[in-house]
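1. what's the 3D shape of this:
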Amino acid sequence: MTIDPLAAYDALLARAAWVIGRVEIDNAADGLRLSIQARATAPGAGEAPVLHFTGVTGLEFHQEAGDLPLGLQIVDMAADGWEDLRWRVTDPEYGIASFWCAGFTVGEH
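-> Residues are numbered from 1 along each chain as shown. As a prediction, this is how the structure comes out:
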């Protein structure tokens, strides 16, 4: 059974308030990969989740000082027919990140 990554992300946001803890960018043979590890702002939220994005293009990431809230807006663009790009990721409130990607998953560290 395939887990809908958008539903998993929405469930993550509903579970607790999160901040961005660590960001890793990897220029792999199959394209740019981005991992964002979050941490809860209060104890008891469970394991630290990691968002894994593959086939990343048009990456803009603005690092700020201090704790940055995890509030990415992830939109499924499959119906628009973009070749090899399915998701549009932005941060409308803080402008921390903006990019397109082919896929993403939500996992635990």
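2. the longest strand anywhere in the chain packs against which elements?
-> The residue-count maximum for a strand in the chain (DSSP state E) belongs to strand 49-61. Strand 49-61 sits against strand 18-28, strand 31-40, strand 97-101, strand 103-108, with contacts defined as 3 or more C-beta pairs under 8 Å, 6 or more residues apart in numbering; DSSP states H and E. C-beta coordinates here come from the backbone N, C-alpha and C atoms, glycine included.
3. show me what the residue nearest in space to the middle of the chain is bridged to.
-> In the chain, the C-alpha nearest the mean C-alpha coordinate belongs to L51, at 4.6 Å (C-alpha atoms, centre = their mean). Per DSSP bridges, the residues bridged to L51 are I36, V106.
4. OK, contacts around it?
-> Counting by C-beta atoms under 8 Å, 6 or more residues apart in numbering, L51 touches 9, 35-36, 38, 72, 104-106.
5. one step back: buried ones in the longest strand of the chain?
-> 49-56 (16 or more other C-beta atoms under 10 Å).
6. tell me what angle it forms with strand 31-40.
-> With axes from the mean of the first three to the mean of the last three C-alpha atoms, to 10 degrees defining the directions, strand 49-61 sits at 120 degrees from strand 31-40.
7. strand 49-61: what's the following helix or strand?
-> Counting by DSSP states H and E, the next helix or strand C-terminal to strand 49-61 is strand 68-69.
8. report the mean confidence score over that following strand.
-> Per-residue pLDDT values across strand 68-69 average out to 85.
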